[in-house]
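I would like the atomic coordinates for the input below:
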Amino acid sequence: MNMKSDLHLLQNPILPLKKPYIDNRGTIQNLVSLNETQIHSAVLIESKKGSIRANHYHKVDWHYCYIISGSIEYYYRPTNSDKEPIKILINTGQVFYTPPMVEHAMVFPEDTVFLTLGGGTRLHEDYENDLVRVNLV
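Next comes the predicted model:
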């Protein structure tokens, strides 16, 4: 992603999906075009109803999330903002992007499974060194 598109995504982090390729074998849905970025981690996350994740921002890292089942109440705002975070509901089959330096949190109104594709590794030490915890929700 570039800075111009990152700023646009602060207003709407949900990305439009391109039309899938469909034939008699089934469907292929592209979620992210690899010429846009280099993905260094792919993580499948299951979250229980009522749980909260994130409540942080990444200094450098970013991530795409694709909702396999369930939904996420996604809260976000620019880093160091004193404004109320924006809240949107992201549903099954949607993909969204979180750029660096955006405070974000996820609340799960139902059991949810989602795939996270990130620019950095998910090795614990690398991941923890890149994020700053906040109390967004």
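
quick one, helices of the chain?
Under the criterion DSSP state H, helices of the chain are mapped to 3-11, 124-130.

need the least confident one among the ones you listed, by mean pLDDT.
Sorting those by mean pLDDT places helix 3-11 lowest, at a mean of 51.

Tell me who's in contact with residue 121.
Contacts for residue 121 (CB atoms under 8 Å, 6 or more residues apart in numbering) come out as 40, 41, 127. Glycine gets a C-beta too; all of them are placed from N, C-alpha and C.

what residue ranges in this protein score low on pLDDT?
Residues of the chain meeting the criterion pLDDT under 70: 1-10, 33-37.

show me where the chain has strands.
With DSSP state E applied, the chain shows strands at 14-15, 21-23, 26-28, 41-47, 52-58, 63-69, 71-78, 86-91, 95-98, 102-107, 112-118, 131-133, listed in chain order.

Now mean neighbour count too, for those, in JSON lines please.
As requested, these are arranged in JSON lines below (neighbours: other CB atoms under 10 Å):
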{"stretch": "strand 14-15", "mean neighbour count": "16"}
{"stretch": "strand 21-23", "mean neighbour count": "9"}
{"stretch": "strand 26-28", "mean neighbour count": "8"}
{"stretch": "strand 41-47", "mean neighbour count": "13"}
{"stretch": "strand 52-58", "mean neighbour count": "19"}
{"stretch": "strand 63-69", "mean neighbour count": "19"}
{"stretch": "strand 71-78", "mean neighbour count": "19"}
{"stretch": "strand 86-91", "mean neighbour count": "14"}
{"stretch": "strand 95-98", "mean neighbour count": "22"}
{"stretch": "strand 102-107", "mean neighbour count": "22"}
{"stretch": "strand 112-118", "mean neighbour count": "19"}
{"stretch": "strand 131-133", "mean neighbour count": "13"}
